[in-house]
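Chemist: Predicted model, plus sequence, below.
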Amino acid sequence: MRLVTDVERRHRLARRHALAPGHRAIDPEAATRAMTVLHATEAPSVYLSLWARVDGLTVADVDRALYDDRTIVKQLAMRRTLFVFPRDLLPAAWGSASARVATALRSRFVKEIEQAGVCADGASWLEAAEAATLERLADGSELSAQRLREEVAELAGRLDIGKGRYAANVSVAPRVLTQLGVEGRVMRGRNDGHWRTARPQWTATRSWLGDVPEPAPQREGYAELVRRWLTTFGPGTEGDLVWWLGSTKTAVRGALADVGAVEVRLETGPDGGGPGYLLPDDPLLTDGPEGDQEPWGALLPVLDPTVMGWKERGFYLGPHGPLLFDTNGNAGTTAWWDGRIVGCWAQDPDGVVVLNLLEDAGADARAALAAEAERLTAWLAGHRVSTVYPSIAMKEAISS
């Protein structure tokens, strides 16, 4: 069985994730394809993940891809997380990961409607609210959740959910729109605000995409997602895929079989290393080692897909997890040197990017990362990026 070393995995990461100079992507769509999907939980992360992978990128380039060309599209999918997908990957998600989330969200929402006394038949109430929303958007309008609340009577209500300290009174409109969105019936259109904030205008999927393909059958959808994941992140483990997909071992094993995945040994991983999986035509299997990679530095944003691509992160994270991730597994910013995370970055009150290196990676690393910090400071042009996921190390970067 082929042994894939940690060094080989880090070298592949530099190339396949479009992070090392000479391996950057040509545009936002190519960078998104390289990563399979981009995390979009926080609006700035999309722009900053692309900045790290596309030389000369501008905010206008990202806006054009998202809102004009629509070659990359926002979609709620794996682990009930919002991602940016290459457009052609949407049917696979709609039929598999998004469908799984949609089923769970619908069941929970219906119960909450009934428990709150809104309607004894929560399913019928939700169907009526969805139909009214789709009718309003049928003319191609792009409307904010607030506008839809004002114009669609079924979205004007509120809902009491939870008990005790977790009790809350929430608007039904975002919940209905989220349900329609995860099912691929509406889409997040143009952003009604600065690129650093998420204020989506909602629109019918057909209006946004034109011809809308049917969702893939569930098994085919999972197989395609796994095939793309292995292209980006392989080799990886079954546990990595179960976590990334937010799915079951049964679904992952079926997908691995469907794509003909080949087992390999990993130097670092569960149970002392492996097994991991590669696609059968992966160059590591057909051509052997891919060769050395010049050391490289990168600054990645909160929830960057490289950081969040694996559950088993030992080969690039080392001992730094508690300082860089919160207790729910959300990653803050990271600073990389030669395929390993060596620290993080944050912005001071003036918007200057400052580093917090958690280990001494050497003079070359310090110089390269300082240059990246200057480059990012210039690109941000004084705009400060906020986050709800600040890590301990990010807070230390500002306080020190």
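Modeler: Sure thing, it's come through.

Chemist: When you work out contacts or count neighbours from here on, use the C-alpha atoms and nothing else.
Modeler: Will do.

Chemist: can you give me the strands in the chain?
Modeler: Remark: strands assigned in the chain by DSSP state E are 3-4, 38-39, 72-76, 82-86, 158-161, 168-171, 186-191, 200-204, 262-266, 276-278, 297-300, 334-337, 340-347, 353-357.

Chemist: List the strands paired with the second one, with their directions.
Modeler: Taking DSSP bridges as the criterion, strand 38-39 forms sheet pairs with strand 82-86 (antiparallel).

Chemist: which strands and helices sit next to the worst-scoring helix or strand of the chain on mean pLDDT?
Modeler: The helix or strand of the chain with the poorest confidence is strand 158-161; it has a mean of 86 (mean pLDDT, DSSP states H and E). If you count contacts as 3 or more Cα pairs under 8 Å, 6 or more residues apart in numbering; DSSP states H and E, strand 158-161 packs onto helix 97-115, strand 168-171.

Chemist: Residue 112 contacts residue 161, correct?
Modeler: Yes - assessed by Cα atoms under 8 Å, residue 112 is found in contact with residue 161 at 6.6 Å.

Chemist: how about stretch 386-396: buried residues?
Modeler: In terms of neighbour count (16 or more other Cα atoms under 10 Å), stretch 386-396 has its buried residues at 387, 389-391, 393-394.

Chemist: can you check stretch 288-299 too?
Modeler: Residues of stretch 288-299 classed as buried: 293, 296-299 (neighbour count, 16+ other Cα under 10 Å).

Chemist: and if you look at stretch 240-248?
Modeler: 240-247.

Chemist: now stretch 128-148
Modeler: Applying 16+ other Cα under 10 Å to stretch 128-148 flags 129-130, 132-134, 136-137, 142-145, 148 as buried.

Chemist: same deal with stretch 66-79?
Modeler: For stretch 66-79, by 16+ other Cα under 10 Å, it's 66-67, 70-78.

Chemist: what does stretch 182-197 give?
Modeler: Neighbour count says stretch 182-197 has 182-191, 195-196 buried, by 16+ other Cα under 10 Å.

Chemist: Check stretch 362-380 too.
Modeler: Residues of stretch 362-380 classed as buried: 365-366, 368-370, 372-373, 376-377, 379 (neighbour count, 16+ other Cα under 10 Å).

Chemist: among the helices and strands packed on strand 158-161, which is nearest residue 223?
Modeler: The closest of the helices and strands packed on strand 158-161 to residue 223 is helix 97-115. By Cα to Cα, the value is 10.9 Å.

Chemist: Give me the packing partners of that closest one, helices and strands only.
Modeler: Using 3+ Cα pairs under 8 Å, 6+ apart, helix 97-115 is in contact with helix 122-137, strand 158-161, helix 172-182.

Chemist: just to revisit the earlier point, could I get the strands of the chain as a markdown table with distance to residue 47?
Modeler: Shown next, in a markdown table, are those (distance: least, Cα to Cα, whole Å):
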| stretch | distance to residue 47 |
| --- | --- |
| strand 3-4 | 32 |
| strand 38-39 | 10 |
| strand 72-76 | 12 |
| strand 82-86 | 11 |
| strand 158-161 | 33 |
| strand 168-171 | 29 |
| strand 186-191 | 13 |
| strand 200-204 | 15 |
| strand 262-266 | 33 |
| strand 276-278 | 29 |
| strand 297-300 | 11 |
| strand 334-337 | 15 |
| strand 340-347 | 16 |
| strand 353-357 | 16 |
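
Chemist: Mind checking these for the one nearest to residue 20?
Modeler: Here strand 297-300 is closest among those (Cα to Cα), at 7.4 Å.

Chemist: Partner strands of that closest one and their direction?
Modeler: strand 334-337 (antiparallel).

Chemist: Report the mean per-residue pLDDT for the partner strand.
Modeler: Taken as a whole, strand 334-337 carries a mean pLDDT of 98.

Chemist: which regions of the stretch 151-300 of the chain lie under the pLDDT threshold?
Modeler: 270-274 (pLDDT under 70).

Chemist: any idea how far residue 71 is from the residue lying closest to residue 45 once chain neighbours are set aside?
Modeler: Spatial nearest neighbour of residue 45, excluding adjacent residues (Cα to Cα, 6 or more residues apart in numbering): residue 301 at 5.7 Å. The spacing between residue 301 and residue 71, counted by Cα to Cα, to the nearest Å, is 22 Å.

Chemist: what about the residue nearest to residue 45, neighbour count?
Modeler: 29 (other Cα atoms under 10 Å).

Chemist: Per-residue pLDDT of it, please?
Modeler: The model's pLDDT for residue 301 equals 98.

Chemist: Also the one 10 residues further on?
Modeler: Listed pLDDT for residue 311 reads 94.

Chemist: and what of residue 400?
Modeler: For residue 400, the model assigns a pLDDT of 66.

Chemist: Tell me who's in contact with the closest residue to residue 128 other than its chain neighbours.
Modeler: Spatially, and ignoring its direct neighbours in sequence, residue 128 is nearest to residue 154 (7.7 Å; Cα to Cα, 6+ apart). Shown in contact with residue 154 (Cα atoms under 8 Å, 6 or more residues apart in numbering): 128-129, 132.

Chemist: got CSV for those, with distance to residue 14 and pLDDT too?
Modeler: Putting the contacts of residue 154 into CSV (distance: Cα to Cα, whole Å; pLDDT from 0 to 100) gives the following:
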residue, distance to residue 14, pLDDT
128, 49, 97
129, 47, 97
132, 48, 98
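
Chemist: want to try JSON lines for those residues, with distance to residue 167 as columns?
Modeler: Output for the contacts of residue 154, formatted as JSON lines (distance: Cα to Cα, whole Å):
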{"residue": "128", "distance to residue 167": "26"}
{"residue": "129", "distance to residue 167": "23"}
{"residue": "132", "distance to residue 167": "28"}
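
Chemist: between these, which is nearest residue 361?
Modeler: residue 129 (56.1 Å).

Chemist: roughly how far apart are the residue lying closest to that closest one once chain neighbours are set aside and residue 172?
Modeler: Leaving aside its chain neighbours, residue 129 sits nearest to residue 154 (5.2 Å; criterion: Cα to Cα, 6+ apart). Distance, residue 154 to residue 172, using Cα to Cα: 9 Å.

Chemist: So which residues make contact with stretch 365-379?
Modeler: Taking Cα under 8 Å, 6+ apart as the rule, stretch 365-379 contacts 296-299, 335, 337, 351-355.
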